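1. Quick check, what structure comes out for this input:
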Amino acid sequence: MKIHLLEVKQKLPINIDRAWEFFSSPQNLDTITPEDMKFQIISGADKKAFSGQIITYKIKPLLNISMLWVTEISQCVDGKYFIDEQRFGPYKFWHHQHHFEVTDDGVLITDILHYALPYRWLGEIMGKLFIHSKIKNIFTYREKKLNEIFNIYN
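-> Model (predicted):
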């Protein structure tokens, strides 16, 4: 199994309380997920992130095919970080760390994503053809939406 790594950083000129309030609310995932994925929260998003939280979604990542995705917030330290891990879904492995660091002029958000694709060599071919770029596009979309939400213009 090949593990892929994507690390993305974004600086927001807001305080840590505002950043944590937004990112620790699973309901905000819909806002920062590309519309073409048809992201829909089914259950578990009614509370702020906490260790052990199970969140169930439906997504349509490819060809408008609906998939169930279940994640668990495996670790959570308020104002510092949380980690979501796939329990059931489209990936063979999914481990996504969300880190928040106070800076002189705001908050630095660092996402560290480790993931593995299903279907062995076929999954790796699909990864090269479109999955890796689709994942990068999710974070590009998210950066743009966060800039809009927090009124940041580059």
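2. Tell me, please, where in this structure the pLDDT is lower than the cut-off.
-> Residue ranges of the chain with pLDDT under 70: 152-154.
3. State which helix of it is the longest.
-> In the chain, with assignment by DSSP state H, the single longest helix is helix 132-149.
4. Show residues contacting it.
-> Contacts to helix 132-149, defined as CB atoms under 8 Å, 6 or more residues apart in numbering, come from residues 4, 6, 8, 10, 12, 22, 31-34, 37, 61-62, 111, 113, 115, 152-154. All C-beta spots, glycine's among them, are computed from the backbone N, C-alpha and C.
5. Would you show me how to pick out the buried ones of those residues in ChimeraX?
-> Buried members of those, defined by 16 or more other CB atoms under 10 Å, are picked up in ChimeraX with:
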select :4,12,22,32,33,34,37,61,113,115,152
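6. sorry, back to before: starting at the chain centroid, how far to the longest helix of the chain?
-> 10 Å (CA atoms, centre = their mean, to the nearest Å).
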